[in-house]
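S.K.: Got a predicted model here, sequence first, then my questions.
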Amino acid sequence: MAEPGKIDPMYQFEVQPIAHLFDIAGLPVMLTNSAVWMLVTGLALWLFMLGGMKQQLVPGRWQVAVESLTGFISSMLTQNIGPEGRKYTPYVFSLFMFILFANLLGLLPLGLIGISPFTITSHLAFTGILALVSFSIVLVVGFWRHGLHFFSLFVPHGTPLPMIPVIAPIEFVSFMVRPFSLGLRLFVAMTAGHVLLKVLAGFVINASNAGVGYGLTVGLASFVLMVGISALEILVAGIQAYVFALLTSLYINDAENLH
Amino acid sequence: MPQIGQLSLDWYLVSQIFWLALVFGAIFLFIGRGMLPKVEATVEARDRKIANDLAAAKAARDASDAIEADWRARVNAARADAQGVVATAKAKAAKDAEKRLAKANSDAEARLASAEAEISQARNSALAEIESVAVEVTQDLVTRLSGAKVNAADAARAVKAGLNV
């Protein structure tokens, strides 16, 4: 894909196998750069949480940071689901923090020291599976709590009887689309942001190579734009993690309380 | 787009799923189920302590309010008592003074009356003495002037007539 001297903005998304570990059902499981960044993300998250485990009555700055994040997620769950939403806090918190840290770590300018960061959330295989896990929780909780009554989710309250044959399929389709929209949203947002950054970086390099005049006009303008978009991407990293956790909690609310 | 292009590679999906399951499972177990409840317990313990402290402070304030109200009531009662005592003492003193005044008044009146009686007695006796002196003087005068002897009864009659003109 990446020929020498050419800048390919999609090359950053390529998963590079590092070592062949073992086979599952005849398929080789590789240690990849994606796997390494997942492990780094998990480690960073663990270190972050460790700083908040002092359990002091009067918390330090780090403990306040950890406690405000846990309080943020648990209040989101109690607001959207109710008191019984607290039992989903471990899952939604893990989801939110994992996505948040993965998004932010993927944005680190590690290229400066020769390491190319990999944004694990820019892969549909990754976000899609997380979305499927959330969707499975919704299905399991819904059928566990309400049995076949869970299907009344497709008939909103107050629907006139003649409208049910029209409304129910629409509701069903919108329900089934949820895991795709949930996974696609995060994947597309991260991919688009990183492609944009790489394209602008390519502009800076190519314009600078083309001469001082191009470098100072096109290159500098692109560089300034990159700085702004980097700030925007940090915002998007937080917002996408929040949206994923929020939508998961809203879907779980449907399963817990129906409509 | 490698995200879709790599899906056809035999190792891609299984590796991604394997590592995601491993890492996310570890995060869920050790962070979501292990660390998060401890952090939440800390927050809850702090909230509970703050609520307890606030409740204790409120109770202490209520108690102090009650004590103050009690104190105020007692002070008011004591003040009312004192005012009652002062009023009764004042009334008693006034009655006492009135009584003493009345006694002194009656004493003075009695002394006045006795003095008046004495005075009138003295005057009467003086008048009687004057009459008897006048009778003697009259007898003497008449004897000296005319040489006639006047008896005391006539002289007394004449003096009386003369004095009581």
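M.R.: Perfect, thanks for sending it.

S.K.: How about the stretch 51-200 of chain A, which of its residues are in the neighbourhood of chain B?
M.R.: Listed as neighbours of chain B in the stretch 51-200 of chain A under the rule C-beta under 8 Å from any C-beta of the partner chain: A:52-53, A:55-57, A:59, A:63, A:66-67, A:70-71, A:74, A:89-91, A:93-94, A:97-98, A:122-126, A:129-130, A:133, A:187, A:191. C-beta: built from backbone N, CA, C; applies to glycine.

S.K.: Make a PyMOL selection of whichever of these turn out to be buried.
M.R.: Selection of buried members from those for PyMOL, criterion 16 or more other C-beta atoms under 10 Å in any protein chain shown:
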select buried, chain A and resi 52+59+63+66+67+70+74+89+90+91+93+94+97+98+122+123+124+125+126+129+130+133+187+191
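
S.K.: Stretch A:105-116: end-to-end distance?
M.R.: Counting by C-alpha to C-alpha, to the nearest Å, you get 11 Å between the two ends of stretch A:105-116.

S.K.: buried ones in it?
M.R.: Going by neighbour count (16+ other C-beta under 10 Å), the buried part of stretch A:105-116 is A:105, A:106, A:107.

S.K.: go on, stretch B:155-162?
M.R.: By neighbour count on 16+ other C-beta under 10 Å, the buried set for stretch B:155-162 is B:155, B:156, B:158, B:159.

S.K.: Identify the residues contacting the third one.
M.R.: Contact partners of residue B:158, counting by C-beta atoms under 8 Å, 6 or more residues apart in numbering or on different chains, are residue B:138.

S.K.: Apply 10 Å and report the result again.
M.R.: Listed by C-beta atoms under 10 Å, 6 or more residues apart in numbering or on different chains, the contact partners of residue B:158 are B:134, B:135, B:138, B:139, B:142, B:150.

S.K.: hang on, the last one in a strand?
M.R.: Read that as residue B:150. No: inclusion of residue B:150 in a strand is not indicated when DSSP: H, G, I helix; E, B strand; the rest coil is applied; the result is coil.

S.K.: Number of residues surrounding the residue lying closest to it once chain neighbours are set aside?
M.R.: Leaving aside its sequence neighbours, residue B:150 sits nearest to residue B:142 (C-beta to C-beta, 6 or more residues apart in numbering or on different chains; 4.7 Å). Per other C-beta atoms under 10 Å in any protein chain shown, the neighbour tally for residue B:142 reads 16.

S.K.: Wait, residue B:142 touches residue B:159, no?
M.R.: No: between residue B:142 and residue B:159 there is no contact under C-beta atoms under 10 Å: 11.1 Å.

S.K.: in chain B, what residue is nearest chain A?
M.R.: Residue nearest to chain A within chain B: residue B:32 (3.4 Å; C-beta to the nearest C-beta).

S.K.: Determine the set of other helices and strands touching the longest helix belonging to chain B.
M.R.: Scanning chain B for the helix with the most residues, using DSSP state H, yields helix B:36-146. Helix B:36-146 sits against helix A:33-51, helix A:61-80, helix A:89-107, helix B:152-163, with contacts defined as 3 or more C-beta pairs under 10 Å, 6 or more residues apart in numbering or on different chains; DSSP states H and E.

S.K.: Okay, buried residues for the first one please.
M.R.: The reference is to helix A:33-51. Quick answer for helix A:33-51 (16+ other C-beta under 10 Å): A:33, A:34, A:35, A:37, A:38, A:40, A:41, A:42, A:45, A:46, A:48, A:49.

S.K.: what does the longest one give?
M.R.: By 16+ other C-beta under 10 Å, the buried positions in helix A:61-80 come out as A:63, A:66, A:67, A:69, A:70, A:73, A:74, A:76, A:77, A:80.
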